[in-house]
Each structure stands twice: as C-alpha cells, then as structure tokens.
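Participant: Sharing a model prediction with you, sequence too.
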Amino acid sequence: MKPIAAVAGIAAIAALFVVYLNRTPEPAAPAPTEASATTPTSSPVSSGDTPLPTAGGRDELPETLALLTDNWLTNWSVRSIDLNELDIGIRVRDPRDRIPPIDEPDFIPVAEAGDWPDDREPGIALTVGDTSRFYPLSILTRHEIVNDSIEGRPVAVTFCPLCNTGIAFDRVIDGTTFRFGVSGLLRNSDLVMWDDQTQSLWQQITGEAIVGDLTGTRLPILPAPVVSWGDFKAGFPDGELLSQNQGFGIQYGLNPYVGYSTSARPFLFSGEIDDRFPALERVVGVTIGDESKAYPFSVISSERAVNDTVGGTPIVVLWGSPETADALDGRVVADSQAIGSGVAYNRTVDGQVLTFAPLGDSTFADAETNSEWNMLGQAVSGPLTGSRLDPVPHRNEFWFAWQAFFPDAAVYGQ
C-alpha cells in the first residue's frame, strides 16, 4: 500500500506544498515530509571580468513577483519569455537559495559507503576524465543543485523533483566559472536557477538563460545518466559517492515529495497535458544538436533496447535494472515502488555502429561482436571487453515536462 493512497494523493501533496511554500524558513533540519528551506548561502558576487548587473524592467513584473524580488539586480528587461510564465515556488521575500544548493560537496570512496545508499536507490552518475561520481537523488531532492568541480572542471549537477529532470552542466561561460542557485521560481513546474554573477535566470530542463543579461546563453550539457546505486558501484568500484555529511543536518534517504510520482497531475503546472501518456510517466528525453526525441518508459520497458538515430547520431536507449526505486514515491526511497532505469548511449564503438538486443534484466548484447554490455554501457565480456559506450545528453523527465518544453519533438512508438 502506498504511503498516500492514490485517490487522496494529489490533495495530500497540495496540502504539503501549501505548508511548505508559505512557511517562514528556519535553519533547523526539515521534518521528513517537508521540503528543505534555509536562508540563502551566498550574496551576489562578481567573478572574473563579469560586472554586477543593474536591475532593469522591474515595472514590468507581476505585483507579487516584484514584491518578493525587490532586492534582486536581475535585468528583467532582457528576456525570452513572458514574465507571467514564472510561478513563485517559495513565497518569502528573496526566495533565492531557500532550498540551499551544495557549494562545497563532500565525497567518499565507493568502498567506504557502508549500507547507505541502498542498492535500489537512484542517482545521477557523472564521469569526467578518470573520475566517476554518484549523486543520490535523495540528496538532490533536498538541494536541487550541487556546484562541483571534477578534475578541475567546474560542473553543476541539478535535479528538479517536480519534473524529475536530472541534468549536469559545464558551469564555465566565456572563461568565467559561474555558481548556480535555486531561485525559488518555477516555469512549467521546472526549476528556475539563478547565477550569482549576473543574476540571470536559467531554465533547468534546457540549460538556457531566460531572463537577464545572459538571456539566450545555453550551458553545455554533460552526459549524466540516472542509474541505481547498485549498478554504479558495480561498474565504478573506484568511484566516489556524494556523502551524507553535507553540513545541513538533513536526514537523507527520505523523500520530501511523498506520493508525488503517483499523482494524477503535476504541481504548479497549468498547461495542457497530452493524454497519450500519464502526466507523470517518465520518458528518456534525448537531445542531440537540434533534434530531440522522447522514449516513454512504458514503451521501452517491453523492448529493453531501442536502436535509433537522433540528430544524425546512432544511439541506443536501454531500459533495465527493473528494481531501481522511484525517488518520488514512498517516504523511504529504498522502499519505494520499482520503476527501472532508462539510459541513452552513442552506439558507435571504434567507428563501428553496433546493434543491441536485451539479454538479462540489466545486460545486453550487440549483434556485430556478440559482446555483453551492462546498464552503464560497459562491455563486460566478448571481443569488446573493456570498451565503453559514450552517454548522449538525455534526461528522465516526466511526460508533462517533456511536452511543455519540447512540444514538437518526436516520440518513439508514435
């Protein structure tokens, strides 16, 4: 039985968010069923040669938004959206970083992880150079952004719980390293980030600046699939885990959005929902170049290996690890419903395009060499043993979010 019955699910979640959005943030650790909120972790700063912005266009702001952002230096007059599209997610004066990003992340070796996370727990896997790191979604639901640096490369690892979008970005723009935070605003229910340097606002699902001096700038997306902890530690025994010791006094492993993924309708979303799939069904959303395509879990879970081409690139979308837990279902992530994992890779290895088919629950074989591959795109037996498929930029967003931001994109199986 679900922690929140399906009939009452959306009402309970709405009640939870009403309490959350209207309460006065306190520095104490949040209760297990509340989203975390603390005071901002940083003040606006200038980095490198980037000057502090000068606020403009404030007279065009909707009244409530103007009131809560009266000390922002965002240049509202430069934008690519209608300001009325912005929803206020946290109704306090200056809501920036009331959900605190992690700016000094602490990691431990996989070998020292102990009994947490549970093997079923999902997280974002990111590899830069020879370093692979796992960012549990149960930590990211509390912080939404991790400003990290891997082998000297500044990255931002982000997760929007309301849209289920986990994306990693390169956070260097024109030679300047940017620090990103949670603005407290939403658009189509998706996280809107802000940067300290120009106080521009950024759409998390696309990585594009939508308001402010950097409007139109896009952050490079780094391939970072969502996989289970069990798969990650088996594939990267020398990898690193974002630890529970982040200095916020939060008990990780619990879900502050109990029952959300089994709700009938997303929170703070007023757009039309395409009824071809349930609003909160997950899709593997692939974007390569100017082309995007969605692969719904309900479709790919039966095929398990989808060989396709997007943006001129031969890709394979794998579905497996069927026991991977839903981070947005039960109160305890490790005990939540199983949803599986969906990941996308470039299927070209050493100039040869491979064709994949499923083997076991989490293994696959290519027709060309009959090598065996795991969910991490690693060849574990056969002629290509030791080879690795390169992930392509993709997300596991909810169907409603995909439709809101990529309304004209193709959908596999349709």
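Facilitator: Sure thing, it's come through.
Participant: And N396, its phi and psi?
Facilitator: phi -120, psi 60 (degrees, to the nearest 10).
Participant: That one: how many residues sit nearby?
Facilitator: Using other C-beta atoms under 10 Å, N396 has 24 other residues around it. (Each C-beta comes from the backbone N, C-alpha and C, glycine too.)
Participant: Next, the contact list for the residue nearest the centre of the chain, please.
Facilitator: Taking C-alpha atoms, centre = their mean, the centroid of the chain lies closest to G166, which sits 1.4 Å from it. G166 is in contact with 124, 137, 140, 157-159, 224, 226, 395-396, counting by C-beta atoms under 8 Å, 6 or more residues apart in numbering.
Participant: please redo it, this time with the cut-off set to 10 Å
Facilitator: 122-126, 135, 137, 140, 157-160, 204, 224-226, 327, 394-397 (C-beta atoms under 10 Å, 6 or more residues apart in numbering).
Participant: Would you agree L241 falls within a helix?
Facilitator: No. Looking at L241 with DSSP: H, G, I helix; E, B strand; the rest coil, it is strand, so not inside a helix.
Participant: which residues does it bridge with?
Facilitator: I108, F134 (DSSP bridges).
Participant: circling back: how close does the residue nearest to the centre of the chain get to A357?
Facilitator: Note on G166: its distance to A357, by C-beta to C-beta, to the nearest Å, is 27 Å.
Participant: Quickly note the distance from the closest residue in space to V316 that isn't next to it in sequence to V226.
Facilitator: Excluding its sequence neighbours, the residue lying closest to V316 (C-beta to C-beta, 6 or more residues apart in numbering) is R347, at 4.3 Å. Between R347 and V226 the computed distance is 19 Å (C-beta to C-beta).
Participant: same check, this time on V155
Facilitator: With C-beta to C-beta as the criterion, V155 and V226 are 16 Å apart.
Participant: Same question for I167.
Facilitator: In terms of C-beta to C-beta, I167 sits 10 Å off from V226.
Participant: Mutual contacts of the two, please.
Facilitator: 124, 159, 394-396.
Participant: circling back to that earlier point, of the contacts of G166, keep whichever come out buried.
Facilitator: Among the contacts of G166, those scoring as buried are 122-126, 135, 137, 140, 157-160, 204, 224-226, 327, 394-397 (criterion: 16 or more other C-beta atoms under 10 Å).
Participant: List the ones among the residues you listed that fall in helices.
Facilitator: 137, 140 (DSSP state H).
Participant: F400: what's its closest spatial neighbour, skipping adjacent residues?
Facilitator: F400 sits nearest to A279 (C-beta to C-beta, 6+ apart), 4.2 Å away.
Participant: correct me, but P383 touches L354?
Facilitator: No. Assessed by C-beta atoms under 10 Å, P383 is found out of contact with L354, at 11.4 Å.
Participant: Neighbour count for those two, which is higher?
Facilitator: Taking other C-beta under 10 Å, P383 and L354 do not tie; L354 has more neighbours (25 against 11).
Participant: who's in contact with the spatially closest residue to that one that is not a sequence neighbour?
Facilitator: Nearest residue to L354 in three dimensions, chain neighbours excluded: D366, at 4.0 Å (C-beta to C-beta, 6+ apart). D366 sits next to 305, 307, 316, 347, 349, 352-357, 372-373, 379, 382-384, 387, 389 when contact means C-beta under 10 Å, 6+ apart.
Participant: Pull out the buried members of those residues.
Facilitator: By 16+ other C-beta under 10 Å, the contacts of D366 give 305, 307, 316, 347, 349, 354, 356, 372-373, 379, 384, 387, 389 as buried.
Participant: could the residues you listed go into a markdown table alongside distance to I90 and secondary structure?
Facilitator: Below are the buried ones among the contacts of D366 laid out as a markdown table (distance: C-beta to C-beta, whole Å; DSSP: H, G, I helix; E, B strand; the rest coil):
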| residue | distance to I90 | secondary structure |
| --- | --- | --- |
| A305 | 42 | strand |
| N307 | 43 | strand |
| V316 | 40 | strand |
| R347 | 42 | coil |
| V349 | 46 | strand |
| L354 | 46 | coil |
| F356 | 44 | strand |
| E372 | 48 | strand |
| W373 | 43 | strand |
| A379 | 46 | strand |
| L384 | 49 | coil |
| S387 | 46 | coil |
| L389 | 40 | coil |
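Participant: Which member of those is positioned nearest G247?
Facilitator: Distance to G247 across the buried ones among the contacts of D366 (C-beta to C-beta) is lowest for L389, with 36.2 Å.
Participant: In contact with the residue nearest to V316, which residues?
Facilitator: Contacts of R347 by C-beta under 10 Å, 6+ apart are 305, 307-309, 313-318, 353-356, 366, 368, 373, 377, 389-390, 392.
Participant: tell me the phi and psi of E85?
Facilitator: Torsion angles, degrees, to the nearest 10, at E85: phi -80, psi -10.
Participant: Quick check: bridge partners of the closest residue to it other than its chain neighbours?
Facilitator: The shortest distance from E85 to any residue other than its chain neighbours is 5.3 Å, reached at R187 (C-beta to C-beta, 6+ apart). Taking DSSP bridges as the rule, R187 bridges to L86, D190.
Participant: before we move on, what SS does L67 have?
Facilitator: Assignment for L67 (three-state DSSP): helix.
Participant: The closest residue to it other than its chain neighbours and P220: what is the separation?
Facilitator: Leaving out its chain neighbours, the residue that sits closest to L67 by C-beta to C-beta, 6+ apart is R93, at 7.5 Å. The gap separating R93 from P220 is 34 Å, by C-beta to C-beta.
Participant: okay, these two: which has more neighbours?
Facilitator: More neighbours surround P220 than the other of R93 and P220, with 13 against 9 (other C-beta under 10 Å).
Participant: For the more buried one, give its distance to A305.
Facilitator: 28 Å.
Participant: who are the neighbours in contact with A325?
Facilitator: A325 touches 117-122, 137-138, 228-229, 255, 332-340, counting by C-beta under 10 Å, 6+ apart.
Participant: Please spell out the ChimeraX selection for the buried subset of these.
Facilitator: To isolate the buried ones among the contacts of A325 in ChimeraX, judged by 16+ other C-beta under 10 Å, type:
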select :117,118,119,120,121,122,137,138,228,229,255,332,333,334,336,339,340
